[in-house]
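Engineer: this one's structure only:
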């Protein structure tokens, strides 16, 4: 791993750290699915959990924190009684939604699950 | 991991195995960069290696085999003396190129490398 060195040496398109960071984030289990739920509408924690079958509360909590830290998701606390908390895509997250849709459509078009998983 | 069960139980959009397979493939180190080189033009092994700084021959060989197995890349043997071998995107791979470009542009637009890597 000589990332910093390589970035300095090569032309900009050789090793784009932005791209790599993005694909690393999106490649994590559940992340793409959570983003797709939020692209549909702002949602409460329990609504997201109910929309993604098999996703535990603990994992959803961890993923939402990552997405908040990366700036894709905003946690909105509504000043009501009882307090209502919603998660929604930030402008950055909303900007990614059509790309994820494109990836999804591509994967379906080419029946992408055919490869055997060792 | 209850993937098969979950797929059967939930609505289709909850757990799309196509999407997951795609993001798993694309999330592998070097894969996105190799695809971007080949989106530019069909290339010989040595040309790809020279275009991606820091990528070893062994790793490039492994990634090309994966991409061939997944149907994104074709290995073309030109009947010449000496034999010339080129790699190029299949129709499926070429169909993905604009989506990867979109992801790249999104990552640059939002300065995606800002998050600290633990």
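Structural biologist: Right, received. Where do you want to start? Computed from a predicted structure; not experimentally measured.
Engineer: Could you find the closest non-adjacent residue to the closest residue to chain B within chain A?
Structural biologist: Scanning chain A for the residue nearest chain B gives residue A:27, at 2.8 Å (criterion: C-beta to the nearest C-beta). C-beta here means a position set from N, CA and C on the backbone, and glycine is covered the same way. Spatial nearest neighbour of residue A:27, chain neighbours left out: residue B:27 (2.8 Å); criterion: C-beta to C-beta, 6 or more residues apart in numbering or on different chains.
Engineer: Dihedrals phi and psi, the one you found?
Structural biologist: phi -80, psi -10 (degrees, to the nearest 10).
Engineer: do residue A:73 as well
Structural biologist: Given degrees, to the nearest 10, the pair of backbone angles that residue A:73 has is phi -130, psi 140.
Engineer: Any stretches of chain A with poor pLDDT?
Structural biologist: A:1-16, A:113-118 (pLDDT under 70).
Engineer: Let me see the ranges of the helices in it.
Structural biologist: Ranges of helices in chain A, per DSSP state H, are A:3-9, A:17-26, A:31-40, A:45-51, A:57-70, A:91-109.
Engineer: Is it correct that the residue of chain A closest to chain B is in contact with residue B:24?
Structural biologist: Yes: contact criterion C-beta atoms under 8 Å: residue A:27 and residue B:24 qualify, at 6.7 Å.
Engineer: residues in contact with the closest residue in space to residue A:72 that isn't next to it in sequence?
Structural biologist: Take residue A:72 and drop its neighbours on the chain: the residue closest to it by C-beta to C-beta, 6+ apart is residue A:93, 3.7 Å away. By C-beta atoms under 8 Å, 6 or more residues apart in numbering or on different chains, residue A:93 lies in contact with A:35, A:38, A:39, A:67, A:71, A:72, A:73.
Engineer: since we're on the third one, how many residues are nearby?
Structural biologist: It stands for residue A:39. Around residue A:39 there are 16 other residues, counting by other C-beta atoms under 10 Å in any protein chain shown.
Engineer: distance of it from residue A:102?
Structural biologist: 12 Å (C-beta to C-beta, to the nearest Å).
Engineer: The second one too?
Structural biologist: Noted for residue A:38: a distance of 17 Å to residue A:102, by C-beta to C-beta.
Engineer: Who has more neighbours out of these two?
Structural biologist: residue A:38 (26 against 17).
Engineer: quick revisit: mind listing what the residue of chain A closest to chain B touches?
Structural biologist: Residue A:27 neighbours (C-beta under 8 Å, 6+ apart): B:23, B:24, B:26, B:27.
Engineer: Return a selection command, for use in ChimeraX, containing the buried ones of these.
Structural biologist: The buried subset of these, as determined by 16 or more other C-beta atoms under 10 Å in any protein chain shown, is captured in ChimeraX by this line:
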select /B:23,26,27
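Engineer: wait, which of the contacts of residue A:27 is closest to chain A?
Structural biologist: Checking the contacts of residue A:27 against chain A by C-beta to the nearest C-beta gives residue B:27 as the nearest, at 2.8 Å.
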